[in-house]
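Peer 1: predicted structure and sequence below. I'll ask about it afterward.
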Amino acid sequence: MLSAFRYSKVAKNIIRVNSFMGITNEYFYLVLGTHRAALIDSGYGIGDLRKFVSAVTDRPCIVLNTHGHPDHVGGNCLFDEVHLHPDDQGLLELYSAKEVESMVENLLCEKKIWFDHHERLTTDTVMPEIIPLHDGEIFDLGGVTLETIAMPGHSPGSVSFLYKEEKILFSGDNCGPQPLLAIPEQCSNAGRKYSSLPLETFFKSLIRINERKAEIQQIFNCHKSGELPISCFEGVLEAVEGVLLGKYRGVPTSIFQGKVKNVFSARGLDPELVGITEESFCGDVIFAKDNLWE
Ligand SMILES: [Zn+2]
């Protein structure tokens, strides 16, 4: 059963997990306090994540979602207590179990990975009631304090969680080496062209984190590298500011091709390589020229 997941201890009280196929390198984190645990995101929902958590800890486990994209909320249905920012509630309702299943199968096909159907997706199970998460909300797990920090941008209800004792920021998709700020309308239920918010809004979110930099030593994100140096966060901030000030005109990128046009990378980094090669950790952003300002 444990073989359905790859996992390793990456810091004190933190286990990093991904589903065994690692199809999009979607990571989630199990954080262990003395009286309860928290799962930060739940992946696509491949395999029985609840059994996995029970094998690691007998403490009750809550789910804290960094945002509502399907590669972060798929295992939510296996848990009794799930927290998500209300501004991303709409994203949950947008993807049917069938759509997520075909999304996963397409990814597997692309990567030529054999899919064993007994490790099926869990997204067809009834979702628990979602508890609205708010900026500044504190979760005391016992010796582990997680603070919610709202970071609208990548999605309207994106948040990060700061593990205060260890100075670790769980950034979700808010701060990978190349955050995506041009996610097209198919992911939006608000009738907008993009479900990502304007780059200016994301810049304000980054500034809030920057003001608290002394409280952060490490960043754990949810894709590719999984772990980021603070210098990468600074690089993202510089790239975003550079685009807004006209310093970076951007280089066209193939990401979201066929869905939206005019999508650029600030530094022209190849999305396939970002977060994998050493030089790709300089920090970048994917943005749309018609989604810069509030
Ligand atoms: Zn996302």
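Peer 2: It's in.

Peer 1: next, the buried residues of stretch 149-164.
Peer 2: Of the residues in stretch 149-164, those buried under the neighbour-count criterion (16 or more other CB atoms under 10 Å) are 149-163. All C-beta spots, glycine's among them, are computed from the backbone N, C-alpha and C.

Peer 1: average pLDDT for it?
Peer 2: Per-region confidence: stretch 149-164 scores 97 on mean pLDDT.

Peer 1: next one: stretch 220-236
Peer 2: Per-residue pLDDT values across stretch 220-236 average out to 87.

Peer 1: so what's the gap between it and the chain middle?
Peer 2: Shown here is stretch 220-236, whose average C-alpha point lies 12 Å from the average C-alpha point of the whole chain (CA atoms, centre = their mean, to the nearest Å).

Peer 1: likewise stretch 5-15?
Peer 2: In terms of CA atoms, centre = their mean, the centre of stretch 5-15 is set 17 Å apart from its chain centre.

Peer 1: dump that stretch to PDB, keeping only the CA atoms.
Peer 2: What follows is stretch 5-15 as a C-alpha-only set of coordinates in PDB (Å, rounded to 0.1, in the frame of the first residue of the first chain):
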ATOM      1  CA  PHE A   5       3.400   6.900  -2.900                       C
ATOM      2  CA  ARG A   6       7.000   8.100  -2.900                       C
ATOM      3  CA  TYR A   7       7.800   9.900   0.300                       C
ATOM      4  CA  SER A   8      10.800  11.100   2.300                       C
ATOM      5  CA  LYS A   9      11.400  13.100   5.400                       C
ATOM      6  CA  VAL A  10      12.600  16.500   4.300                       C
ATOM      7  CA  ALA A  11      12.800  18.500   7.500                       C
ATOM      8  CA  LYS A  12      11.800  18.200  11.200                       C
ATOM      9  CA  ASN A  13       8.200  16.900  11.300                       C
ATOM     10  CA  ILE A  14       7.800  17.100   7.600                       C
ATOM     11  CA  ILE A  15       7.300  14.300   5.100                       C
END
